[in-house]
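A.B. asks: Structure here, sequence nowhere to be found:
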């Protein structure tokens, strides 16, 4: 999808209500799915304390869950681009419920780890699909806000998991309790969600994109007049009538657009074209390494809370509460840019993790 195409849909979204009833309802639904994914991810915090092989359980199960996120992220990202965000989320919820039940009926460690590995795929589908969908029903100026609003539900899910686990002490029953709701959420996603207007436009399905945008306008009680189909026709007419004296920018835009009837469809080769830019590759590698480091640290802290001294239910709930505070801080720093804040927080997090290791060592020495 070209930046010109995106601009058309974004302008319409800006005019028909950026953060009103429709967007808030979509945010609420996606938050429910995020809660389900959070509870399924961190349920091992409570199951690891109820197993005979506790010493090897957390490390192995956590490692294979993280490994599962690698193919999960790659596959579900491609799937969302091919069949749409709505279907990807729906499939993810169904599979998460199925793999969760399989985990509950595991008869040994190997079976448990296999189901945890495959559970990572639908978790990635829900995580990425919901984040993409919610950002594609608002204009760019509100995307950071809705994503942070969405991830609040991850911290809430962690706190709710502590409540579930407190009343459900058997690990098999707990797995079933956090898995069965996915079968209820699955039809909700199918019936209540609309497909992303951005994705529909990128696939050349202009009438369907128009219908979704009209529904957004109706829910938000906006009477602005617009036509996605006319936008597309006007853009095609402009391209076909241009003479050879085009500006450099116009030439670049036209070179990325096809003269065929479905010229806005996504071209997979465009992704590879981006990798030919050295600066983009460097940024991509830095962000990927930073995400890897953050993910490793988060997995160790979140899942390791079950092995800390003290009450496991309180420890896990505190972890969820800290996440809510962190998300609130992120809202405050949105206007300040990204680079400096990212460097500051990564440095602070690294120092805190290293310091925690020294604290543990000093405490063990004193005893």
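C.D. replies: Right, received. Where do you want to start? In this text, all values refer to a predicted model and were calculated from it rather than measured experimentally. Numbering: from 1, shown residues only.

A.B. asks: May I ask you to confirm that residue 281 is in contact with residue 287?
C.D. replies: No: in this structure, residue 281 is not within contact of residue 287 by CB atoms under 8 Å, at 10.9 Å. C-beta coordinates here come from the backbone N, C-alpha and C atoms, glycine included.

A.B. asks: Report the contact partners of the residue nearest to residue 71 when sequence neighbours are not counted.
C.D. replies: Leaving aside its chain neighbours, residue 71 sits nearest to residue 121 (6.8 Å; criterion: CB to CB, 6 or more residues apart in numbering). Contact partners of residue 121, counting by CB atoms under 8 Å, 6 or more residues apart in numbering, are 68, 71-72, 75-76, 92, 95.

A.B. asks: try residue 222
C.D. replies: Counting by CB under 8 Å, 6+ apart, residue 222 touches 15-17, 20.

A.B. asks: are any of those residues buried, and which?
C.D. replies: Buried members of those, counted by 16 or more other CB atoms under 10 Å: 16-17, 20.

A.B. asks: low pLDDT regions in the protein?
C.D. replies: Residue ranges of the chain with pLDDT under 70: 1-7, 48-59, 224-274, 306-307, 335-336, 360-367.

A.B. asks: and the gap between residue 220 and residue 138?
C.D. replies: Using CB to CB, to the nearest Å, we find residue 220 at a distance of 11 Å from residue 138.

A.B. asks: Now for the two: what residues contact both?
C.D. replies: Jointly contacting residue 220 and residue 138 under the rule CB under 8 Å, 6+ apart are residue 23.

A.B. asks: Which of those two has more residues huddled nearby?
C.D. replies: Remark: of residue 220 and residue 138, residue 138 carries more neighbours, 24 against 17, as counted by other CB atoms under 10 Å.

A.B. asks: Provide the secondary structure category for the more buried one.
C.D. replies: coil (DSSP: H, G, I helix; E, B strand; the rest coil).

A.B. asks: list the contacts for it?
C.D. replies: 13, 18-19, 23, 146.

A.B. asks: For residue 199, see how far away it is.
C.D. replies: 14 Å.

A.B. asks: Same question for residue 174.
C.D. replies: 36 Å.

A.B. asks: can you give me how far stretch 95-106 is from the chain middle?
C.D. replies: 21 Å (CA atoms, centre = their mean, to the nearest Å).

A.B. asks: Next, the buried residues of that stretch.
C.D. replies: Neighbour-count burial for stretch 95-106 [16+ other CB under 10 Å]: 95-104, 106.

A.B. asks: same check, this time on stretch 68-77
C.D. replies: 68-69, 72-73, 76-77.

A.B. asks: Measure how far it is from the centre of its chain, please.
C.D. replies: The chain centroid and the centroid of stretch 68-77 are separated by 12 Å under CA atoms, centre = their mean.

A.B. asks: ok, now how distant is residue 186 from residue 301?
C.D. replies: Distance, residue 186 to residue 301, by CB to CB: 31 Å.

A.B. asks: Name the residue in the two with the higher neighbour count.
C.D. replies: Between residue 186 and residue 301, counted using other CB under 10 Å, residue 186 has the larger neighbour count: 20 against 16.

A.B. asks: Apart from its chain neighbours, what residue comes closest to that one?
C.D. replies: Nearest residue to residue 186, sequence neighbours excluded (CB to CB, 6+ apart): residue 93, at 4.2 Å.
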